[in-house]
Every structure is written in C-alpha cells, then in structure tokens.
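A.B. asks: just need the structure, nothing else, for what follows:
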Amino acid sequence: MKAATITAILYLLLSGAAIAQSARPNFLIIIADDLCRRDLGFEGNKEVKTPHLDALRTESMHLRRMFNPATSCSPTRHALYTGIYPIRSGAFPNHTRVYDGTESLFTYLKAAGYRVALQNKGHIGPSATFPYEHIAGADDFTETSKFFTREATQPWFMVYGSSDPHEPWNRGPKYEADKLSVPPYLYDNSTTRESLAKYYGEISKLDEQVGALLGMLNENKQAANTMVVFVSEQGSSMPYGGKWSVYDNGIHCSALVRWPNRIKPGSSSNALMQYVDIPPTILEAAGIDPTGVNVHCPDAQGKTGFDGRSVLSILFGQNDQHRDYVFAQHTTKGTVGAIGAYPMRAVRNSRFKFIGNLAHENTYQITGLHQSDVCKSWQEDAQRNPALAARVAWLFNRPGEELYDLENDPFEMHNLANDIQFAAIKSELQLQLQNWMAQQGDKGIETELLANTRQGRSEIDKARAKQPNSQ
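C.D. replies: Numbers count the residues shown, from 1 in each chain. The predicted structure follows:
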C-alpha cells in the first residue's frame with residue numbers, strides 16, 4: 001500500500017475519533033458582499049492583497065466548485081441559511097423574504113441549544129425565520145468577542161456579513177490603477193482601472209475583517225473547536241463582473257472550510273456543490289440528522305426537506321462526488337434601478353452551462369450596471385471600437401438561449417447554442433433545467449411578475465412592529 005494512501009486512512013481514523021470525543025463545535029460563516037471569485041489572492045489574482053484569506057486557504061479545504069443559486073444579495077443569503085432554493089422559498093427577487101413558517105440554520109441550532117448571532121449585513125426576513133441576536137458594526141468586534149466567550153459551555157453559531165466589497169468602493173488601502181492588470185473579461189481603459197483599484201481596496205478591507213475574526217478565535221482558544229466557512233457571495237458589479245447575471249463570475253463562488261483536526265489543511269475538492277448544501281452540512285457536523293429536518297416550505301412535489309445535501313463526507317476526504325448539476329436564477333424585477341423584466345435561468349454540469357433568457361426580447365437594464373461610470377466609458381469608447389461595441393450591446397440584449405463550454409471558454413465569450421455539434425448537450429441541460437424549475441414551482445415569466453409580492457416585510461413582521469416594545 002502506498003504511503004500517501006496509508007496517511008489518508010490514518011487521517012480519517014483520527015478525525016473520526018476526534019469528532020466522537022469532542023464537544024459540539026462552534027460555527028462561523030463569513031460571507032463577502034459582491035465579490036467575484038477570481039479577485040482573491042489564493043484564487044490566482046496576483047495583485048489584490050488578501051493575506052489573511054490566503055492563510056486561511058492553507059488551513060482549509062478549498063471547495064473549488066461551489067455555486068450560489070442566485071446573483072443578488074438577498075436571495076443568495078436566504079438560500080445559504082435555509083438550504084432551499086430561492087423560488088421555492090419565495091425569496092427570489094432582491095430585498096426579499098421567505099414564506100412565513102420557513103425555518104433556517106438559526107432556528108435549528110438555537111433549538112439545539114446554540115446561541116446564534118449575525119453581525120452587520122442581514123438582508124433576510126422575516127425575523128421569525130431568522131431568530132438571531134444582531135451585532136451591529138462592520139469593523140468593531142468588541143461585542144463579537146463577548147458573544148464568542150459569553151458562556152464557556154454553550155456552543156455558538158455566528159454569521160459575519162461583511163459589507164465589503166459592495167459599492168461604493170471607498171474603503172481599504174489604495175491601489176495604483178495604472179499598475180494593475182485588467183482581467184480579460186473587462187475592457188481596459190482608465191475608468192475601468194480606477195474602479196478596479198477602488199474595488200480591490202475593499203477586498204483588502206474584507207481581508208482585514210477576516211483576520212480580526214480569526215485572531216479572536218485564537219485569542220479565545222476557540223479555533224480548534226470552530227468550523228469556519230468563508231464564501232464570496234455573487235460577483236462584483238463591474239460589467240461582466242458577475243452580479244445580476246448567471247455567468248460563472250456571478251454564480252461560481254470562492255469557498256473555504258476550516259475545522260482543525262477534522263478537515264485536512266490545504267486540501268481541495270472539485271465536487272459540484274451549492275449554497276443550499278451548507279445548512280445540512282453544518283447540522284450534521286453539530287450532530288443533527290439533516291435528512292429528518294422539515295423546513296416547513298414544501299416544493300411543488302410536496303417535499304419538505306432541504307434542497308441541499310450534506311457534504312461532510314467530502315470535507316473529511318471520504319469522496320469527491322456530490323452533484324451532477326447545479327442551478328441558478330436571476331430575477332431582475334424588483335431590483336433597484338431595474339427597468340422591466342429580464343429573468344434568467346441556468347443549469348451547469350462540470351463542463352457545460354445552458355442559460356435561458358426568458359424575456360430576451362426586452363432590453364436588459366439595471367441602473368447600477370448599465371448606467372455605471374464604467375459602462376458609460378465603455379459605450380463612449382465603443383464608438384471607435386467595433387469589438388467593444390458588440391460586447392456592450394450584449395450587456396443590454398442577449399439571445400433566448402446560451403450554451404458555453406467552460407473547459408475551453410471559461411469567460412463565456414462564445415455562445416454555442418446554435419452549434420449543431422452541441423445539440424445533444426443542449427437538450428440534456430434544457431431537460432435538467434425544466435425538471436428543476438418544475439420541482440421548484442418556477443413558472444418562468446409568471447413567477448417573475450410576482451417578484452414585487454415577495455419584497456418588503458411579511459405580515460408577521462408587520463404585526464410584530466405594531467406591538468408595544470417591538471424592535
């Protein structure tokens with residue numbers, strides 16, 4: 001038997017023994033805000049400075065194929081905490097909420113004796129679904145440390161919702177715009193460079209927050225018994241940076257999981273997985289069987305369990321297979337600055353992606369994207385640059401179907417939807433997408449037009465707000 005195989009077996013045996021003997025772990029989820037996976041040091045960006053995240057990667061398993069199911073903040077976070085996809089949960093536009101009665105990680109872990117908290121950005125509702133203690137402030141960790149250490153024998157679960165690197169990009173260290181390398185999916189001009197420099201500064205600010213949180217775990221001697229999960233959310237608001245689209249810059253996120261003596265440091269997995277797999281994973285790590293959980297939000301087939309499945313066996317290095325397909329949607333209706341409806345649906349396997357633009361005859365317009373300084377500068381330069389003009393036009397109008405070979409076209413520049421060589425692949429992916437939409441109760445345009453009914457406070461929260469001493 002090879003030495004590497006023996007080492008792996010011994011590691012698994014020791015990990016299992018450690019789990020059996022240890023107290024229930026703490027859990028810390030750190031979620032960035034509008035961060036493109038490609039814009040991190042450990043993901044290959046040589047210019048952005050993320051030393052704390054780079055160090056965390058060496059101590060963690062790198063989940064190389066983690067995907068989120070939506071490309072705006074609120075539906076992404078609802079899926080991350082509930083374990084169900086946004087349309088099924090009702091949280092599919094931005095600034096949204098799940099259906100009343102739905103439960104979340106905060107609900108399950110609090111019922112299991114954990115104290116639960118969320119610091120800074122929430123963007124989720126209603127409050128009954130997310131019964132956390134709120135810790136205010138993005139950079140002040142005084143109350144955070146108190147929460148970590150309040151009861152020595154009680155395990156805790158906390159989400160740190162950073163506000164970085166969400167626009168406006170006005171925090172963090174200064175980068176020199178003229179010294180940066182512009183990613184190939186962006187057009188290189190001075191406006192792009194200046195925006196990129198400011199955006200990189202906020203990524204470094206996020207990295208400082210990560211360093212502070214991990215430092216507190218060390219100071220409080222809690223690092224050894226805390227599972228740390230870092231995810232990058234959806235992409236940036238740069239044109240083709242990922243936000244508001246279902247291209248990989250938007251749905252393929254960066255993800256790290258650290259759990260000393262359980263997860264092998266510096267390891268990685270290529271298994272396809274999604275945000276909805278995180279809640280059942282955390283519950284299993286806490287000793288709760290996720291297959292018996294009722295989320296109180298049935299899908300179109302009457303299923304009341306999670307859409308996700310635990311990936312704990314992958315984290316322990318016992319296998320590297322999980323999903324055959326991942327899915328995503330984007331609802332423009334209800335987004336701040338959106339003009340009209342432009343719903344997107346996507347399915348991806350390990351190599352190919354199919355995108356359906358359900359109202360492609362409309363013009364796609366969101367103020368933060370299409371009227372940004374960067375986009376305006378591209379439009380001006382496009383008057384003298386036909387290739388750029390075609391890329392700018394694509395930002396506003398796309399075909400009904402898109403198909404990409406991500407192995408040979410990672411930036412999704414060459415649409416193969418009408419290429420007869422890929423007809424069978426397209427049909428396969430279309431069928432998978434149709435089945436997923438049916439299971440979720442997604443009726444396409446009809447569902448999109450209901451977006452405004454899924455925004456604002458729920459009736460439960462409205463009633464609670466009218467009660468004396470309500471918060």
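
A.B. asks: contact partners for T129?
C.D. replies: Residues touching T129, when contacts are defined by Cβ atoms under 8 Å, 6 or more residues apart in numbering, comprise 82, 97-98, 100-104, 106-107. From N, CA and C alone the C-beta is placed, and that goes for glycine too.

A.B. asks: and those as CSV, adding neighbour count?
C.D. replies: What follows is these, written out as CSV (neighbours: other Cβ atoms under 10 Å):
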residue, neighbour count
T82, 30
R97, 25
V98, 31
D100, 16
G101, 13
T102, 22
E103, 23
S104, 25
F106, 23
T107, 21
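
A.B. asks: which of these sits closest to G337?
C.D. replies: Of all the contacts of T129, R97 has the smallest distance to G337: 20.5 Å, by Cβ to Cβ.

A.B. asks: mind listing residues that contact the helix or strand that contains E428?
C.D. replies: Using DSSP states H and E, E428 falls within helix 423-440. Contact with helix 423-440 is made by 85, 87-88, 299-301, 303, 325, 327, 345-347, 349, 352-354, 356, 401, 403, 416-417, 442-444, as judged by Cβ under 8 Å, 6+ apart.

A.B. asks: how far off centre is that helix?
C.D. replies: Using Cα atoms, centre = their mean, to the nearest Å, we find the averaged C-alpha position of helix 423-440 to lie 23 Å away from the chain's own average C-alpha position.

A.B. asks: now stretch 51-59
C.D. replies: Between the mean C-alpha point of stretch 51-59 and the mean C-alpha point of its chain there is a distance of 19 Å (Cα atoms, centre = their mean).

A.B. asks: can you check stretch 363-376 too?
C.D. replies: Per Cα atoms, centre = their mean, the centroid offset for stretch 363-376 relative to its chain is 23 Å.

A.B. asks: what residues of that stretch count as buried?
C.D. replies: By neighbour count, with 16 or more other Cβ atoms under 10 Å as the criterion, the buried positions of stretch 363-376 are 364-366, 368-370, 372, 374-375.

A.B. asks: save the residues you listed as TSV, and put in pLDDT, distance to I278 and secondary structure too.
C.D. replies: Output for those, formatted as TSV (pLDDT from 0 to 100; distance: Cβ to Cβ, whole Å; DSSP: H, G, I helix; E, B strand; the rest coil):
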residue	pLDDT	distance to I278	secondary structure
Y364	94	30	coil
Q365	92	33	coil
I366	93	28	strand
G368	91	27	helix
L369	93	28	helix
H370	94	32	helix
S372	95	31	coil
V374	97	32	helix
C375	97	33	helix
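
A.B. asks: what's the farthest-apart pair in the residues you listed?
C.D. replies: Maximum pairwise distance in those, criterion Cβ to Cβ, is 16.2 Å, between Y364 and V374.

A.B. asks: number of nearby residues for the nearest residue to H78 once chain neighbours are set aside?
C.D. replies: Distances taken as Cβ to Cβ, 6 or more residues apart in numbering put A91 closest to H78, at 3.8 Å, once the chain neighbours are dropped. A91 has 31 neighbouring residues, counting by other Cβ atoms under 10 Å.

A.B. asks: what about the helices in the stretch 351-471 of the chain?
C.D. replies: For the stretch 351-471 of the chain, the helices defined by DSSP state H, counting those that start in this stretch occupy 367-370, 373-382, 386-396, 423-440, 445-448, 459-465.

A.B. asks: and what about A197, helix, strand or coil?
C.D. replies: Secondary structure for A197, judged by DSSP: H, G, I helix; E, B strand; the rest coil, is helix.

A.B. asks: is it true that it touches K174?
C.D. replies: Yes: checked against Cβ atoms under 8 Å, the pair A197 and K174 is within contact range at 7.3 Å.

A.B. asks: quick one, which of these two is more surrounded?
C.D. replies: Neighbour count, other Cβ under 10 Å: between A197 and K174, A197 has more, with 18 against 10.

A.B. asks: so what's the more buried one up against?
C.D. replies: By Cβ under 8 Å, 6+ apart, the contact list for A197 reads 174-177, 180.

A.B. asks: brilliant, that's me finished.
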